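Enquirer: Whatever this is, show me its structure:
(chains A and B)
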Protein chains: 2
Amino acid sequence: MTVIEEMGLRAKNAAKILRTADPEMKTKALNMMADDLSKHQNEILSANAEDLREAESNGMAKAMMDRLLLTPERIEGMASALRDVAAWPDPVGKIQEDYTRPNGLRIKKISIPLGVIGIIFESRPNVTSDCAGLCIRAGNCVILRGGHEAFRSNNAITEIMRSALAGAGLPEDCVQLVKDLSHESAHELMCLSDYIDVLIPRGSSRLINRVLDESKVPVIQTGAGNCHVYIDKDADPEMAVSITVNAKTDRPSVCNAAETLLVHKDIAEEVLPKIADALTDRNVELRCDEHAHSILADAGLCSGSKQALIKDASEADWATEYDDLIMAVRIVPSLDAAVDHIDKWSTHHSEAIVTENAESAEKFLAEVDSSAVYWNASTRFTDGGEMGLGAEIGISTQKLHARGPMGVDQLVTYKFSLTGNGQVR
Amino acid sequence: MTVIEEMGLRAKNAAKILRTADPEMKTKALNMMADDLSKHQNEILSANAEDLREAESNGMAKAMMDRLLLTPERIEGMASALRDVAAWPDPVGKIQEDYTRPNGLRIKKISIPLGVIGIIFESRPNVTSDCAGLCIRAGNCVILRGGHEAFRSNNAITEIMRSALAGAGLPEDCVQLVKDLSHESAHELMCLSDYIDVLIPRGSSRLINRVLDESKVPVIQTGAGNCHVYIDKDADPEMAVSITVNAKTDRPSVCNAAETLLVHKDIAEEVLPKIADALTDRNVELRCDEHAHSILADAGLCSGSKQALIKDASEADWATEYDDLIMAVRIVPSLDAAVDHIDKWSTHHSEAIVTENAESAEKFLAEVDSSAVYWNASTRFTDGGEMGLGAEIGISTQKLHARGPMGVDQLVTYKFSLTGNGQVR
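Expert: Purely as a prediction, here's the structure:
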């Protein structure tokens, strides 16, 4: 048995215990995990300092260094997230249906944990405790595989959580961290379908695509966000500006940020220069189709100080998730054309229409096939916390199992429990 | 664009229309499909006769020929299944949740179709109309890929359904049949993730494993059924016999038939000879562990006429889905050992405990991690119709999305529809 297989077996054995564990025991364990992160802050900080030193000597970019950095406040934030999850209602054991068939067979449909969840991530060390907390609340064991650059931090956090679990009377193997970070061990993890029930990749689209390609374990695809804002001909111009600016610039690096702006031709001359003015004020580069470019030129935006920010779009721009202060802009002849553009290029994450026309809005909401569709609001609300679903393990952009923000309640499945008195067929 | 890609694109375009189609239009289309299958019976029968002639000249086994055979009664059965699905409540557009956030954003969670479903199957021609009906009721387009041996039958059925769809005002491309049955076209279909949302393989475990291996499209794994009956020490002996006999012999070739019998050591001497006697009366071969074998020898079953049916089990037997009149038999020292055996070898389809002891039953029902767990009833009830879920497209043995029988109601997903008045973050 390889090291990875052994981890899988240990997770599966721990899952047997965790799946029928008392809800209060899980609550206690989660609170102890939170307390212990606070208590052992210095261990985490010193492991993190080592990670940072190595990262710096490897010439890591400043923005990346900031993502890697832990501070006492950030560790308190991790502890506080664990306490929130501890307080979340336990989703396991809910009777979803309970009925009796004509032959007397009583059938209950009961929510149960997924089992063992594998998470492959490359972002900040807080993912370690955030994901562990969500998984345990829903009765799942988790095998975490973080990035090289945060290994010491992730390992310190994991060890503290494991000993808290043991202290609360649950198997420490409910949470495990992969220590061999080779390409081979990742591949092995993705093929561990005897032990892992679901794999959730969190990170760049390169990472997600690799997991989709290689994995034999069912994958939940998360995070790809080529999101659109469509300004309808009946839009309120002021709202069009504020929603577009918010969706693009509030936090450009996250998946619910907008990447493409579609504007109805009948309102484009009035509204596009205003939006472009506000976006370029915030240093957003605009990649425009021919029509949009000519409208901005007529409005005088293609000369003077903002000139450098107005560029031409190529087809590749419609497909690009910039995660940056860049926005593609296209003029469309109709609402139908906007829906078609979105259907063709979107990653089906979040799309918004700005309009005062209820009929157009209803059409957009019904026809756009994305996990979250908005009428007169920013795409930035696609978020577990903002939508009232609690913390999230990721935002699903696939159709199987769960769509949009996946919180504790999405980390369960169900089984049928049938009771008879000797029924045969 | 290849032929398969073109099919994908046509399905995606048809899905745009079907996903917002009026429920009554879908009902009408399904009833017209049913009527037309009856009306064009002779076309189907003559296509089927050609398939049968070719199959016979290729030396197909008799049991397989019977699966391939269509009769006027079987075609009426297909039409009647379509009418049942037409009468099933439309699962699309249900408001699952509707709430307003403190910032005034109103959030609705709405059921929507999965989109385009690919079905790769190798069994009887009725699968063509059964799957098409379930998919259309739930607003999904379907791309069907059946086996070579039934191609003419499947094609005749598909063409009739397509023209009925067009007659009802829906795109005929809601249902398409793959005509190039090469290995390459199957592979292409499994990689068509731009157009297909879910792939459901139906057939042998070889087929299912190939799809799991090759597919880039999310797969719902169905049908693997290594099911167990466990006779607890507190079982009613008569019930133990009748449930085991039913679970094994009622229809040995289907996935909810039992494959392994586990018997608690304290009741084995009393009950195992009775069960073995009843099973061997029905010509079931028993593959026994050492302890079971010695109990049957002591009971005199290993000599005389039944001798040839009592054999030794090897470890491979615990893993085997015989789909035949063969059953593996093992004596276990405890309920825990039974649960452990099931945990190790089961495909998590259906498992039953026979006991009069409520505490043991509750433990079994809670701890066994299968899609259907039974107390004092036969595993044969894991079936959409028997469980009151309507017809089924397959029985899921995975944890993502749906478990157990998947009917119309399991062929949908959801989206969030958010309405605001200019909310930004």
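Enquirer: switch to C-alpha atoms for all contacts and neighbour counts from now on
Expert: Will do.
Enquirer: Report the residue ranges of every domain in chain A.
Expert: A:3-221+A:400-419, A:227-381 (automatic domain parsing).
Enquirer: And A:Ala156, how close does it get to A:Arg53?
Expert: 16 Å (Cα to Cα, to the nearest Å).
Enquirer: With neighbour numbers in mind, choose between these two.
Expert: The neighbour count for A:Ala156 versus A:Arg53, taken as other Cα atoms under 10 Å in any protein chain shown, is higher for A:Ala156 (21 against 13).
Enquirer: name the element the more buried one belongs to?
Expert: For A:Ala156, the host element (DSSP states H and E) is helix A:151-167.
Enquirer: and if you look at A:Thr128?
Expert: A:Thr128 is part of helix A:126-137, with elements assigned from DSSP H and E.
Enquirer: Give me the contacts around that helix.
Expert: Residues outside helix A:126-137 that contact it (Cα atoms under 8 Å, 6 or more residues apart in numbering or on different chains) are A:26-27, A:30, A:75, A:78, A:81-82, A:85-86, A:88, A:90-91, A:117, A:121, A:141-142, A:144, A:146, A:154, A:157-158, A:161, A:174-175, A:391-393, A:407-408, A:411.
Enquirer: can you do 7 Å?
Expert: With contact meaning Cα atoms under 7 Å, 6 or more residues apart in numbering or on different chains, helix A:126-137 is reached by A:26, A:30, A:78, A:81-82, A:85-86, A:90, A:141-142, A:154, A:175, A:393, A:408.
Enquirer: Return the residues in contact with A:Leu389.
Expert: Contacts for A:Leu389 were tallied using Cα under 7 Å, 6+ apart; they are A:Gly407.
Enquirer: Would you quantify the distance from it to A:Ser253?
Expert: 22 Å.
Enquirer: So what are the sheet partners of the strand ranked longest in chain A and their directions?
Expert: If you go by DSSP state E, chain A has its longest strand at strand A:412-423. The strands beside strand A:412-423 in its sheet (DSSP bridges) come out as strand A:106-113 (antiparallel), strand B:372-377 (parallel).
Enquirer: Number of residues surrounding the residue of chain A found nearest chain B?
Expert: Closest approach between chain A and chain B, counting by Cα to the nearest Cα: A:His401, at 3.6 Å. Other residues lying near A:His401 total 20 when counted by other Cα under 10 Å.
Enquirer: part of a strand, is it?
Expert: No. Counting by DSSP: H, G, I helix; E, B strand; the rest coil, A:His401 is not found in a strand; it is coil.
Enquirer: can I assume it is in contact with B:His401?
Expert: Yes. With contacts counted by Cα atoms under 7 Å, A:His401 reaches B:His401, the gap being 3.6 Å.
Enquirer: sorry, back to before: enumerate the positions of the longest strand of chain A that are buried.
Expert: Using 16 or more other Cα atoms under 10 Å in any protein chain shown as the test for burial, strand A:412-423 gives A:Val412, A:Thr413, A:Tyr414, A:Lys415, A:Phe416, A:Ser417, A:Leu418, A:Thr419, A:Gly420, A:Asn421, A:Gly422, A:Gln423.
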